[in-house]
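Engineer: Sequence and predicted structure are below.
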Amino acid sequence: MKRFECLQAIAPLIADELFVTTAGGATNEWNAVHPSDGNIQVKTLGLCSSIGLGLAIGLPKRKVFVFDGDGALWMNLGSLATIGLHRPKNLIHICWNNKQYESSGGEPTVATAGNIDFAGIARNAGIQSSRSVDTVEELTDAVSHALKNDGPHFIAANIEAGRAETPPLKYDELENKYRFIRYVEATEGKSILRIPQSASYLLK
Amino acid sequence: MGTIAGAQNILAGLKGAGINLVASVPDINMLQLLNLLYEDQDIAHVPVGREEEGIGVCTGAHLAGKMPAMLMQNGGLLNSANGLTTTALQFGIPVLLLIYYAGDVGDNAFHMVGLVTEPVLQGLGIKYTVMRDPARAKEEIAGAVTLANASKRPVALLLTRAVL
């Protein structure tokens, strides 16, 4: 299966869930399929799972998706242990496993040799709802299950290499962040960005 | 290990400044402070395995509306340099960095880490204060958090044994 067809199959299942998407092809493709201010891009390879963990802990009633990659997850494999320790019920972590560093030119990753079982590692780290899927039907079934049930959930999605032709992201990091935070503020009914009052207004 | 009084003083400073989530990797000199964090009901404590993970957790926590801090040794500051640069600084994320200053004058371990700590913070463009006086600790914590929020950047406090 291709990542883009997987994303197209997932999109109709989504309401206002938040998405933290890896420094890789999944980001452009997801924003093409599901443009939303509830999507935030990641620029540090591997850090998407940790950012998603912090977001899920901070908003425990909101479902938070992480889109990871096999190269990115290799760089921060310990994050599975940390997620398995804290077990946020609302975290849905999907690793798009195309067995290569596609955004870096296709070099092999830890997954290329076929020795590693990401879902097995996640399960044994304490993420009990952990699956490896090979078809679009299995994936949409796993995502539907994750949306309806407490997690954390981990899904290793085994995909073919290859990126879809998608436009570049519309927003740079800062605009993406501000839009994301305003979206969280609006949908959660809370104030996050606190702009201080000018000192002259504080004079009595 | 630090003292209970020193740890209570720091914890009160964090609460007073609005910190409500702390990610951590331990150091022996912050044992008392970590013991308090494990028991505290007001501050969410998120132990992580490596410090760069903590920068990610703090970033996500900020996006969720928390005011986060990352507690670590200065060796961990080096471990987290890419996350600080390409996530916290590049996206403009306010995070308080609470860093035990190993290798400082009077500390008998990790002298190389101590040597590079302040130049690395300067190179990253992260403002910092070296905390040496327990009586000033609350004010220094509040000041660092105010600057982190105003500048939307990480701000560091280097904690010496004198304040712990």
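Structural biologist: Great, that's in hand. Numbers count the residues shown, from 1 in each chain, chains lettered A, B, ... in the order given.

Engineer: what are the ranges of the strands in chain A?
Structural biologist: For chain A, strands defined by DSSP state E occupy the ranges A:18-21, A:39-41, A:64-69, A:91-97, A:129-133, A:153-158.

Engineer: ranking the ones you listed by burial, who's on top?
Structural biologist: strand A:64-69 (a mean of 30; mean count of other C-beta atoms under 10 Å in any protein chain shown). In short, each C-beta sits where N, CA and C put it, glycine included.

Engineer: count of residues packed around residue 44?
Structural biologist: By default, I'm working from chain A. Residues near A:T44, counting by other C-beta atoms under 10 Å in any protein chain shown, number 27.

Engineer: should've been chain B
Structural biologist: 21.

Engineer: do you know how far it is from chain A?
Structural biologist: Between B:A44 and chain A the computed distance is 6 Å (C-beta to the nearest C-beta, to the nearest Å).

Engineer: Thought B:I19 was touching that residue, still the case?
Structural biologist: No. With contact defined as C-beta atoms under 8 Å, B:A44 does not count as touching B:I19 (10.0 Å).

Engineer: sorry, back to before: turn the strands of chain A into TSV, columns for mean pLDDT and distance to chain B.
Structural biologist: Listed next are those as TSV, based on pLDDT from 0 to 100; distance: least, C-beta to the nearest C-beta, whole Å:
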stretch	mean pLDDT	distance to chain B
strand A:18-21	98	7
strand A:39-41	98	7
strand A:64-69	98	8
strand A:91-97	98	10
strand A:129-133	98	19
strand A:153-158	98	16
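
Engineer: ok, now which ones touch B:V113?
Structural biologist: Going by C-beta atoms under 8 Å, 6 or more residues apart in numbering or on different chains, B:V113 touches B:73-75, B:78, B:102-103.

Engineer: Now intersect those with the strands, please.
Structural biologist: B:Q73.

Engineer: ChimeraX command for the buried members of the contacts of B:V113?
Structural biologist: Per 16 or more other C-beta atoms under 10 Å in any protein chain shown, the buried members of the contacts of B:V113 correspond to this ChimeraX selection:
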select /B:73,74,75,102,103
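
Engineer: Nearest residue to the middle of chain B?
Structural biologist: Residue closest to the average C-alpha location in chain B (C-alpha atoms, centre = their mean): B:L98, at 1.3 Å.

Engineer: Indicate which one of the strands of chain A is closest to B:M1.
Structural biologist: strand A:91-97 (34.5 Å; C-beta to C-beta).

Engineer: close to chain A, is stretch B:86-105?
Structural biologist: Yes. Contact of stretch B:86-105 with chain A (C-beta under 8 Å from any C-beta of the partner chain) involves B:86-87, B:90-93.

Engineer: What helix or strand is B:G143 located in?
Structural biologist: helix B:137-151 (DSSP states H and E).

Engineer: For the helix or strand following that helix, list the C-alpha coordinates in PDB.
Structural biologist: Once the chain leaves helix B:137-151, the next helix or strand it forms, by DSSP H and E, is strand B:154-159. What follows is strand B:154-159, C-alpha atoms only, in PDB (Å, rounded to 0.1, in the frame of the first residue of the first chain):
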ATOM      1  CA  PRO B 154      14.000  28.800  25.900                       C
ATOM      2  CA  VAL B 155      15.700  30.500  28.900                       C
ATOM      3  CA  ALA B 156      18.100  28.700  31.100                       C
ATOM      4  CA  LEU B 157      18.900  28.700  34.800                       C
ATOM      5  CA  LEU B 158      22.200  27.100  35.800                       C
ATOM      6  CA  LEU B 159      21.700  25.700  39.300                       C
END
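
Engineer: Quick one: mean pLDDT for strand B:154-159?
Structural biologist: Averaging pLDDT along strand B:154-159 gives 98.

Engineer: Can you name every helix or strand that that strand contacts?
Structural biologist: Counting contacts by 3 or more C-beta pairs under 8 Å, 6 or more residues apart in numbering or on different chains; DSSP states H and E, strand B:154-159 is packed against strand B:95-100, helix B:111-124, strand B:128-131, helix B:137-151.

Engineer: what's the most buried one of those?
Structural biologist: Of all these, as judged by average neighbours under mean count of other C-beta under 10 Å, the leader is strand B:95-100 with a mean of 26.

Engineer: can you pull the pLDDT of A:K204?
Structural biologist: So A:K204 comes in at 67 (pLDDT).

Engineer: Burial check on the closest residue to A:Q100 other than its chain neighbours, number of neighbours?
Structural biologist: Once flanking residues are discounted, A:Q100 sits nearest to A:G106: 5.0 Å by C-beta to C-beta, 6 or more residues apart in numbering or on different chains. Per other C-beta under 10 Å, the neighbour tally for A:G106 reads 11.
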